[in-house]
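> Have a look; sequence and predicted model below, questions after that.
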Amino acid sequence: MRRSLAAAAARVVDMRSDTVTLPCAGMRQAMAAAEVGDDVMGGDPSINALEARLAAMSGKPAALYVPSGTMSNLLAIMVHCNDRGSEIILGDKAHMHVYEQGHTAQLAGVHSKTVPTQPDGKLRLQDIENAVR
């Protein structure tokens, strides 16, 4: 049986940014009632449970919670480009390029090389190959 378009649209989650959506009343209530602690010292049970659940879901030995998508993008770049002066290739309309204020260069020492983003959001393989130095 085919789902209706309206039913499918109702399931869409807007993940463009960690600042686009606001918590609903139920989320606010859950946050207010959550047991908290010092996550820097490993003492926040909510964070510990979240990290353990995500590690199990991904089949990894551990997971790390970070409070923003910008921070997680920067960590990913720093893990994959561990030498200052490295370069990443990304689309000229990529969120990291347009909205994250050059943080890869400022904080990680990683230069961004952009290639044209196609109307469908994809990058052409030839453009990527031509951008490799």
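Happy to help now that I have it. Residues are numbered from 1 along each chain as shown.

> rest of the way, CA atoms for contacts and neighbours
Will do.

> State which helix of this structure is the longest.
helix 45-58 (DSSP state H).

> Buried residues, it. List them.
47-48, 51-52, 54 (16 or more other C-alpha atoms under 10 Å).

> So which elements touch the very next helix or strand once past it?
Using DSSP states H and E, the helix or strand that follows helix 45-58 in sequence is helix 69-80. If you count contacts as 3 or more C-alpha pairs under 8 Å, 6 or more residues apart in numbering; DSSP states H and E, helix 69-80 packs onto helix 103-108.

> Tell me the helices and strands packed up against the helix it packs on.
Here helix 103-108 touches helix 69-80, strand 111-115, going by 3+ C-alpha pairs under 8 Å, 6+ apart.

> do that again at 6 Å, thanks
Contacts defined by 3 or more C-alpha pairs under 6 Å, 6 or more residues apart in numbering; DSSP states H and E place helix 103-108 against no helix or strand at all.

> Just the buried residues of it, please?
103-105, 108.

> Redo the buried residues of helix 45-58 as TSV? Include pLDDT.
Formatted as TSV, the buried residues of helix 45-58 follow (pLDDT from 0 to 100):
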residue	pLDDT
47	90
48	93
51	94
52	95
54	93
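
> what's the closest of these to residue 32?
residue 47 (14.6 Å; C-alpha to C-alpha).

> Against residue 31, how distant is the closest one?
12 Å (C-alpha to C-alpha, to the nearest Å).

> Next one: the spatially most central residue of the chain relative to residue 129, how far apart?
Taking C-alpha atoms, centre = their mean, the centroid of the chain lies closest to residue 69, which sits 4.1 Å from it. If you measure residue 69 against residue 129 using C-alpha to C-alpha, the figure is 28 Å.

> roughly how far out does stretch 49-67 sit from the chain middle?
14 Å (C-alpha atoms, centre = their mean, to the nearest Å).

> what residues does that stretch touch?
Contact with stretch 49-67 is made by no outside residue, as judged by C-alpha atoms under 6 Å, 6 or more residues apart in numbering.
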